[in-house]
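Student: how would this look folded up:
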Amino acid sequence: MSNSRFIHGFHAVVARLRYKPESVREIFIDAARKDSRIRDLLKQAEESGCRVVIIEAGRLDGMTGETARHQGVVARVDADRRPVFLDDVLDTLKDPPFLLVLDGIQDPHNLGACLRVADCVGAHAVIAPKDRAVGLTQVAIKVASGAADVVPYITVTNLARALREMKERGIWVIGADGQAKENLYAAQWPDAVAWVLGAEGGGLRRLTRETCDRCVAIPMSGSVQSLNVSVAAGVCMFEARRRRLAFFSH
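Tutor: All right, here's what the predicted structure looks like:
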């Protein structure tokens, strides 16, 4: 089992079957589920040549933890051979780097949602500190709906040092900060960029903010003064993607 791990939930399992079917060792399904969603999953598993085991829901709880919302679907998959260092990713890129940095996200739902954003915009990697951050838990993987399998997630011991190393490689580091004076839509930046988003409630830590090349604020028009970190990541990253598409189309 040391070379495998469990993932759970329809989105995570279906995405793994779609993108890496050879890595799925077996799928466990709740014997009580016989709906169309299960039938579609069984068909996909059969087409992929994947073994399916029908078991009681209690055994699924034991695989994922009783509080996990596994939806009656769990898969045992090969342990990922993820990039260990950011250089492992950067050295293979042909396009200007496009990165998302998360400064101490604590909620696995937010981490999973941020990974989905990163996948949707075509980010090359998500970087986060090893300590004081949630890490890539089963909940985060489930919420990511398959993005955790395709977007490199790299943890670093010292985030400020990692940001400085990015800058040494010509990557602009831009922090999203509600107190910044510069407007996101008015600011200018090059195509090689790392967007830095802070933790829920506290935002960017002081040293992280000071390490950024610049900080920008998302303009707010209503009574609400802040956004969920994954929503803020989506706003910033899609604006950056819009500009990248405009640049590469010329």
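
Student: how is this structure divided into domains?
Tutor: Domains of the chain are assigned by automatic domain parsing as 4-78, 86-248.

Student: TSV please, covering those and showing mean pLDDT and mean neighbour count.
Tutor: Quick note: C-beta positions are derived from backbone N, CA and C, even for glycine. As requested, the domains of the chain are exported to TSV (pLDDT from 0 to 100; neighbours: other CB atoms under 10 Å):
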stretch	mean pLDDT	mean neighbour count
domain 4-78	88	16
domain 86-248	93	18
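
Student: list of residues touching stretch 153-160?
Tutor: 82-86, 89, 101, 103, 115, 125-131, 133, 135-136, 162, 207-208, 211 (CB atoms under 8 Å, 6 or more residues apart in numbering).

Student: which residues sit in contact with Glu56?
Tutor: Glu56 neighbours (CB under 8 Å, 6+ apart): Asp30, Ala31.

Student: quick thing: my sequence starts at 46, can you match it?
Tutor: Right, with 46 as the first residue, what we last looked at is Glu101.

Student: beta-bridge partners for Ala244, please?
Tutor: Gly248 (DSSP bridges).

Student: from memory it sits against Asp148, does it?
Tutor: Yes - contact criterion CB atoms under 8 Å: Ala244 and Asp148 qualify, at 6.0 Å.

Student: got any residues that touch both of these two?
Tutor: Common contacts of Ala244 and Asp148 (CB under 8 Å, 6+ apart): Arg250.

Student: please enumerate residues in contact with the longest helix along the chain?
Tutor: Counting by DSSP state H, the longest helix found in the chain is helix 274-293. Residues outside helix 274-293 that contact it (CB under 8 Å, 6+ apart): 140-141, 143, 145, 147, 150, 155, 158-159, 161-163, 165-168, 219, 221, 229-230, 234, 236, 238, 240, 242-245, 261, 263, 272.

Student: how about the helices in the protein?
Tutor: Assigned by DSSP H, the chain shows helices spanning 55-64, 81-93, 102-109, 131-135, 153-166, 183-189, 204-213, 251-256, 274-293.

Student: OK, contacts around Thr253?
Tutor: Contact analysis of Thr253 by CB under 8 Å, 6+ apart lists Asp148, Leu204, Ala205, Leu208, Gly220, Val241, Gly243.

Student: could these be laid out in CSV, adding distance to Val122?
Tutor: Compiled in CSV, the contacts of Thr253 are given as follows (distance: CB to CB, whole Å):
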residue, distance to Val122
Asp148, 29
Leu204, 29
Ala205, 34
Leu208, 32
Gly220, 35
Val241, 31
Gly243, 32
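
Student: what is the nearest of those to Ala189?
Tutor: Asp148 (18.7 Å; CB to CB).

Student: Asp148: what's it in contact with?
Tutor: Listed by CB under 8 Å, 6+ apart, the contact partners of Asp148 are Ala173, Pro174, Leu204, Val241, Leu242, Gly243, Ala244, Leu249, Arg250, Thr253.
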